[in-house]
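>>> I would like the atomic coordinates for the input below:
(2 chains)
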Amino acid sequence: RNKTTCLLKADIISTVEFNHTGELLATGDKGGRVVIFQREQESKNQVHRRGEYNVYSTFQSHEPEFDYLKSLEIEEKINKIRWLPQQNAAYFLLSTNDKTVKLWKVSERDKRPEGYNLKDEEGRLRDPATITTLRVPVLRPMDLMVEATPRRVFANAHTYHINSISVNSDYETYMSADDLRINLWNFEITNQSFNIVDIKPANMEELTEVITAAEFHPHHCNTFVYSSSKGTIRLCDMRASALCDRHTKFFEEPEDPSNRSFFSEIISSISDVKFSHSGRYIMTRDYLTVKVWDLNMENRPIETYQVHDYLRSKLCSLYENDCIFDKFECVWNGSDSVIMTGSYNNFFRMFDRNTKRDVTLEASRENSKPRAILKPRKVCVGGKRRKDEISVDSLDFSKKILHTAWHPSENIIAVAATNNLYIFQDKVN
Amino acid sequence: MSQKQEDENPAEETGEEKQDTQEKEGILPERAEEAKLKAKYPSLGQKPGGSDFLMKRLQKGQKYFDSGDYNMAKAKMKNKQLPSAGPDKNLVTGDHIPTPQDLPQRKSSLVTSKLAGGQVE
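The predicted model follows:
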């Protein structure tokens, strides 16, 4: 493995997340690094440019580890980043790899103290014998410095691989979910966590499903959901019992037995679950579709959107090259009227829930210039391919858009295409 | 449960009992794809889910290191006075037990992410 390959692999973006105001955008990558972008203030001089995102801070969040006791190689890849709501001048975010969650504080320093008594301006200690007077240090302006410091490390609580973290609406607790268990943490306490879900069977031979994603309700701090590899979602209420192994609600779409195939269970595995901002709906992503569920109706989703149904006739090769196990995420826009998810060939899809219209766009430098309007793409399934269309067989399955994010209130989206980050904004009139 | 180093071919993992491959008329595209898969891998079990498959998923990252074997291999090497340019793979016990040197170099990423250096377009 040469150095170039290593660099490229480390650059693969593994998570993207706006903070609660949309001022900051964080990305995590396979190399364990976090890069934070900040939206520049809109100035009167540059009216034609909406606030653009520039690099604000970058730091190494996680390092690779080897657990000698369990003979486990622990990747430094950042699986998820979640921001805390801002409560003072500093920004706080949670970042996690497979095993350890960390709370990072990102703060600005634009002043520094000068005029120490015991140190000179370069920081060298002064000989106390030469000090004859005392002075009061003063704060002087300096070039803005953004520093990131790890404030808490939440380790050793997960036997299996962490797939999700979610900050609770009480801002005091958060949860971390692995394949079989979900733990509840208090931000102040790192040496203890409460186990709130445990689906590990007594006999591992009886294992039939794993937890794939989990999230707290946006307003009700006692409620959370988790999804499974069997295509089901469970809603749990922490007031009901300390261990939420028994769900309050169970969401599952009945399957037509005549449609069952070898691939049915694999493609029904939910890769992401997200509450709507309103808290009334949940959205789930499985291999071929995105579904919207009403929390009040457990027996089927209220909406189903086909992301790339043409892949049904490719399942055999997608199973052989492991693409069928790709975990796509999905996001809501700020008003819950549009949902977005990624696909292959650097395509991503948006569905308008009201108009029922959908669009396929491409995140690629070759096919769009900066500031150009994106052209809708179309995949053709049948024989006759029109000029602009791309045929299913020409799709590049190594170019997958797994991670996207939508600004909390504006039409700005961030799309991660392997090792590139694209930020798209609504057209300015 | 065989404890091999992770092999990215799930088809071999799920092969349990031999199944007669039935010729299924592909009314559904999935059924046609299923028939294709079974033609390629006749020993594929009926249920792709199930504990073997999930266990493989849970064991991601598993690499086996036995300090006893490693130290014995090191001792053998010393006796044979081989140059210390790296472990002789033949001295490692078994095919699948790596020594720390055999594990891919996991140096921390000292290079800044390209996102941090690049211009935003």
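>>> biggest strand in chain A by residues?
strand A:138-154 (DSSP state E).
>>> counting contacts, what elements does that one pack onto?
Applying 3 or more CB pairs under 8 Å, 6 or more residues apart in numbering or on different chains; DSSP states H and E, one finds that strand A:138-154 contacts strand A:53-60, strand A:101-114. C-beta here means a position set from N, CA and C on the backbone, and glycine is covered the same way.
>>> what about the ones you listed, which gets the closest to residue A:211?
Across the helices and strands packed on strand A:138-154, residue A:211 has its closest neighbour in strand A:101-114 (15.8 Å, CB to CB).
>>> how about that closest one: buried residues?
A:101, A:102, A:103, A:104, A:106 (16 or more other CB atoms under 10 Å in any protein chain shown).
>>> and those, which two are the farthest apart?
A:101 and A:106 (16.3 Å).
>>> Any regions of the chain where pLDDT drops low?
Using chain A here. A:1-7, A:43-50, A:367-368, A:427-429 (pLDDT under 70).
>>> ah, no, chain B please
B:1-27, B:45-52, B:61, B:63-66, B:70, B:77-112, B:117-121.
>>> Hmm, residue B:60 is touching residue A:161, no?
Yes: using CB atoms under 8 Å, residue B:60 is in contact with residue A:161, at 6.3 Å.
>>> So which of the two has more stuff around it?
Between residue B:60 and residue A:161, counted using other CB atoms under 10 Å in any protein chain shown, the more crowded position is residue A:161 (22 against 14).
>>> So the closest residue to the more buried one other than its chain neighbours versus residue A:78, what's the distance?
Once flanking residues are discounted, residue A:161 sits nearest to residue A:98: 4.3 Å by CB to CB, 6 or more residues apart in numbering or on different chains. According to CB to CB, to the nearest Å, residue A:98 and residue A:78 sit 10 Å apart.
>>> closest to residue A:18 out of the helices and strands packed on strand A:138-154?
strand A:53-60 (9.9 Å).
>>> ok, whichever helix or strand comes after the closest one: who's next to it in the sheet?
Next along the chain after strand A:53-60, taking DSSP states H and E as the criterion, comes strand A:65-67. Its sheet considered, strand A:65-67 pairs with strand A:72-74 (antiparallel) by DSSP bridges.
>>> from the middle of its chain, how far away would stretch A:88-101 be?
Offset of stretch A:88-101 from its chain centre (CA atoms, centre = their mean, to the nearest Å): 12 Å.
>>> okay, residue A:98 and residue A:78: which has more neighbours?
Neighbours were counted for residue A:98 and for residue A:78 using other CB under 10 Å; residue A:78 has more, 24 against 21.
>>> Could you find the closest non-adjacent residue to the more buried one?
residue A:28 (2.7 Å).
>>> if I look at residue A:19, how far off is residue A:234?
In terms of CB to CB, residue A:19 sits 29 Å off from residue A:234.
>>> cool, and residue A:299?
14 Å.
>>> re the thing from before, right, and the helices and strands packed on strand A:138-154 - which one's nearest residue A:336?
The nearest among the helices and strands packed on strand A:138-154, by CB to CB, is strand A:53-60 at 23.6 Å.
>>> Flag every buried residue along the closest one.
A:53, A:55, A:56, A:57, A:58, A:59, A:60.
>>> just stretch A:230-249 next, same as before
Under 16+ other CB under 10 Å, the buried positions of stretch A:230-249 are A:231, A:232, A:233, A:234, A:235, A:236, A:237, A:238, A:244, A:247, A:249.
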